[in-house]
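**Student:** with the sequence up front, the predicted model follows.
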Amino acid sequence: MGESLVETVKQALRSVRDPAGGRDLVEAGLIQGLTARDGLVQFAIAVPRERAREMEPLRLAAERAAAAVPGVLSVTAVLTSHREPQGPRPGGAGRAGPAAPPPPAHGHAPRAPHAPAGQGAMLLPEVRRIVAVASGKGGVGKSTTAVNLAVALAGQGLSVGLLDADIYGPSLPQMLGTAEKPRTEGQRIIPLRRWGLQAMSIGFLVDAETPMIWRGPMVMGALEQMMGQVAWGALDVMVVDMPPGTGDAQLTMSQRVPLAGAVIVSTPQDVALLDARRGVRMFEKVQVPVLGLIENMSYWCCPNCGHRSDVFGHGGARAEATKLGVEFLGELPLKLEIRELADAGTPIVAARPESEEAAAYRRIAARLWDKLQGAAAAKGPRIVVE
């Protein structure tokens with residue numbers, strides 16, 4: 001069904017012509033990355049970067065043509081200046097795979113889609129506060145921390161969204177305990193609801209074992225679509241689980257949404273703190289406030305006797321926060337139950353609300369919300385990276 005739908009949509013797109021050359025989009029080789037799955041059709045239209053704005057009516061016409069095809073429930077088309085290599089590929093060019101958002105109108109430097117740099121509309125306008133939970137390196141428990149902080153914020157009576165911005169390694173489906181696929185209404189994807197949150201992850205849209213072998217522009221395109229084409233609605237706060245490091249996703253977030261601030265998660269050991277320091281400097285460079293540091297895996301508790309051991313050292317993040325002049329938000333233990341519940345898809349804040357660990361997450365979440373409430377402005381700066 002998916003393969004035949006791709007061919008039918010391709011035929012429909014032949015009715016749309018590029019006014020500059022007079023040829024239809026398919027004949028001109030402008031259609032890139034056409035996929036169809038469960039009625040969700042996605043593709044990109046390859047155009048020169050300088051023509052992106054004038055080609056917006058063509059993009060809309062292509063979306064309308066594809067949406068008119070029987071069996072199509074939703075269509076997403078974006079403009080891109082990245083062209084796929086020409087020639088045959090294994091499996092055939094028309095083979096439908098898991099629905100994956102196509103790349104946006106990006107070249108070497110990140111820019112807002114369908115608009116010149118500096119003129120793109122900001123995404124998520126109905127979200128009051130957006131906070132990035134980040135780390136300089138992987139393996140420090142950032143995603144576990146982000147999920148539990150989001151659940152703790154929801155427990156305060158706030159309307160909370162949770163966005164998984166880690167395109168290469170999405171973890172929300174596992175940590176929220178759901179393999180459900182989002183439904184669509186018109187051109188909008190409806191976020192999943194779990195543990196009092198609205199959540200979205202690329203992991204909800206692709207098969208669990210599908211590797212995201214994507215270039216930077218495609219990563220940024222997927223992230224922008226999860227922000228701009230998902231029906232988030234009005235939220236008090238959105239927690240963004242960032243990928244580790246200081247790359248494309250971090251730049252996209254700093255450009256395209258009004259970040260209220262960032263939280264850096266680190267373990268106490270020196271090698272993690274070194275990367276956390278880089279993370280702090282990166283957010284400072286793009287003028288996003290660093291709201292504080294969290295020391296995760298601060299100490300280990302024996303599950304049998306409760307004995308405490310400082311496996312990775314202790315107090316390193318607190319000392320680093322003082323050195324960098326940012327607030328230390330709190331410490332979290334390395335405890336077996338936190339890991340077991342995360343793997344089972346039940347965040348400890350929801351599953352064991354009476355536990356000391358859940359109380360620690362709630363304390364940090366309360367401090368974080370106080371800082372967000374006390375910010376001078378609800379919206380952060382709009383950054384354009386040239």
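**Tutor:** The structure has been received and is ready for your questions. Bear in mind the structure is a predicted one, so any value in this text is a computation, not a measurement.

**Student:** SS state for the residue located most distally from the centre of the chain?
**Tutor:** Ranked by distance from the centre of the chain (C-alpha atoms, centre = their mean), the top residue is residue 305, with 39.5 Å. With DSSP: H, G, I helix; E, B strand; the rest coil as the basis, residue 305 sits in coil.

**Student:** where do the helices sit along the chain?
**Tutor:** Per DSSP state H, the chain carries helices over the ranges 2-13, 56-67, 142-155, 172-176, 216-228, 248-256, 270-285, 316-324, 336-343, 348-351, 356-373.

**Student:** highest average neighbour count across those helices?
**Tutor:** helix 142-155 (a mean of 27; mean count of other C-beta atoms under 10 Å). All C-beta atoms are positioned from the backbone trio N, CA, C, and that covers glycine.

**Student:** quick one, that one and helix 336-343 angle?
**Tutor:** Per axes from the mean of the first three to the mean of the last three C-alpha atoms, to 10 degrees, the angle that helix 142-155 makes with helix 336-343 is 80 degrees.

**Student:** got the angle for helix 142-155 vs helix 356-373?
**Tutor:** 70 degrees.

**Student:** mind saving the C-alpha coords of helix 142-155 as CSV?
**Tutor:** Output in CSV follows, covering the C-alpha atoms of helix 142-155 (Å, rounded to 0.1, in the frame of the first residue of the first chain):
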residue,chain,number,x,y,z
LYS,A,142,20.1,13.6,31.1
SER,A,143,17.0,12.0,29.6
THR,A,144,16.0,10.3,32.9
THR,A,145,16.4,13.7,34.6
ALA,A,146,14.4,15.5,31.9
VAL,A,147,11.5,13.1,32.1
ASN,A,148,11.3,13.1,35.8
LEU,A,149,11.5,16.9,36.0
ALA,A,150,8.7,17.2,33.5
VAL,A,151,6.5,14.8,35.5
ALA,A,152,7.3,16.8,38.7
LEU,A,153,6.4,20.0,37.0
ALA,A,154,3.1,18.5,35.9
GLY,A,155,2.5,17.4,39.5
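
**Student:** so how far is residue 42 from residue 34?
**Tutor:** 8 Å (C-beta to C-beta, to the nearest Å).

**Student:** what of residue 322?
**Tutor:** For residue 322 relative to residue 42 (C-beta to C-beta), the value is 47 Å.

**Student:** which parts of stretch 289-298 are buried?
**Tutor:** Judged by neighbour count using 16 or more other C-beta atoms under 10 Å, the buried positions of stretch 289-298 are 289, 290, 291, 292, 293, 294, 295, 296, 297, 298.

**Student:** residues contacting the last one?
**Tutor:** By C-beta atoms under 8 Å, 6 or more residues apart in numbering, the contact list for residue 298 reads 267, 268, 310, 312, 314, 315, 317, 331, 332, 333, 334.

**Student:** most widely separated two among the residues you listed?
**Tutor:** Taking C-beta to C-beta, the two most distant members of the contacts of residue 298 are 315 and 334; they sit 14.5 Å apart.

**Student:** looking at the two, which one has more neighbours?
**Tutor:** The neighbour count for residue 315 versus residue 334, taken as other C-beta atoms under 10 Å, is higher for residue 334 (18 against 14).

**Student:** and the closest residue to that one other than its chain neighbours, what does it touch?
**Tutor:** Closest residue to residue 334 apart from its sequence neighbours, by C-beta to C-beta, 6 or more residues apart in numbering: residue 297 at 3.9 Å. Going by C-beta under 8 Å, 6+ apart, residue 297 touches 140, 141, 267, 268, 311, 312, 332, 333, 334.

**Student:** and the gap between the closest residue to the fourth one other than its chain neighbours and residue 230?
**Tutor:** Spatially, and ignoring its direct neighbours in sequence, residue 268 is nearest to residue 316 (3.6 Å; C-beta to C-beta, 6+ apart). Residue 316 sits 37 Å away from residue 230 when distances are taken as C-beta to C-beta.

**Student:** so residue 151 versus residue 352, what's the distance?
**Tutor:** From residue 151 to residue 352 the distance is 12 Å (C-beta to C-beta).

**Student:** again with residue 229
**Tutor:** Using C-beta to C-beta, which is the criterion applied here, residue 229 is 36 Å from residue 352.

**Student:** and what of residue 17?
**Tutor:** Counting by C-beta to C-beta, the separation of residue 17 from residue 352 is 61 Å.

**Student:** residue 232 now?
**Tutor:** Per C-beta to C-beta, residue 232 is found 29 Å from residue 352.

**Student:** so which of these two has more stuff around it?
**Tutor:** residue 232 (23 against 16).

**Student:** contact partners for that one?
**Tutor:** 124, 126, 127, 161, 191, 198, 200, 238.

**Student:** between those residues, which is closest to residue 346?
**Tutor:** residue 198 (17.9 Å).

**Student:** pLDDT weak spots in the stretch 1-150 of the chain?
**Tutor:** Applying pLDDT under 70 to the stretch 1-150 of the chain flags the ranges 1-2, 49, 52, 81-121.

**Student:** please repeat the previous calculation with a cut-off of 80.
**Tutor:** 1-3, 37-40, 47-54, 56, 74-122, 136-137 (pLDDT under 80).
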